[in-house]
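Colleague: Could you work out the structure for the sequence below:
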Amino acid sequence: MASNDEVREIARQFDLQKHDFDQVATAFLELDQPSIPDALINAIEQGAREIVVLPYFLSAGRHVSEDIPAEVASVQKDYPDVIINIAPYLGASARMPEILLSQAKKV
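Modeller: Residues are numbered from 1 along each chain as shown. Reported below is the predicted structural model:
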């Protein structure tokens, strides 16, 4: 799916930036793999002891408020010693108006 390939490319570009994360991976709620639980378990099996889930959504719909937390909770119960935090979704960023203005100026 082309839109998921875009997400993978953004994750690749993110990983090329200077950051303090040991690994960067993508995961999906539906229609593609890996699923969120599979990606979390894979990271844990590779030694992750603290994970940040960054929801790539512009608004706080059901996926952000219910589905992602439920997926994380399903893994968290089996790995209580691993810290799994869910970062604010992309659209909640205080920088979003600045980004939108920048994009609008590119026309």
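
Colleague: Can you pull the poorly scored residue ranges out of the chain?
Modeller: Within the chain, no stretch falls below the threshold (pLDDT under 70).

Colleague: Would you tell me which helix is longest in it?
Modeller: Identified as the longest helix of the chain according to DSSP state H is helix 2-16.

Colleague: ok, and for that helix, which residues are buried?
Modeller: By 16 or more other CB atoms under 10 Å, the buried positions in helix 2-16 come out as residue 11. For the C-beta atoms, the positions are set from N, CA and C on the backbone; glycine is no exception.

Colleague: Check stretch 52-61 too.
Modeller: Buried residues in stretch 52-61 (16+ other CB under 10 Å): 53, 55.

Colleague: same question, stretch 64-75
Modeller: 64, 68, 71, 72, 75.

Colleague: Could you check how far it is from the centre of its chain?
Modeller: Remark: stretch 64-75 is offset 12 Å from the chain centroid, using CA atoms, centre = their mean, to the nearest Å.

Colleague: okay, which residue is most central for the protein?
Modeller: By CA atoms, centre = their mean, the chain has its centre lying nearest to residue 54, at 3.1 Å.

Colleague: how about CSV for the buried residues of stretch 64-75, with distance to residue 16 added?
Modeller: Output for the buried residues of stretch 64-75, formatted as CSV (distance: CB to CB, whole Å):
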residue, distance to residue 16
64, 26
68, 25
71, 27
72, 26
75, 27
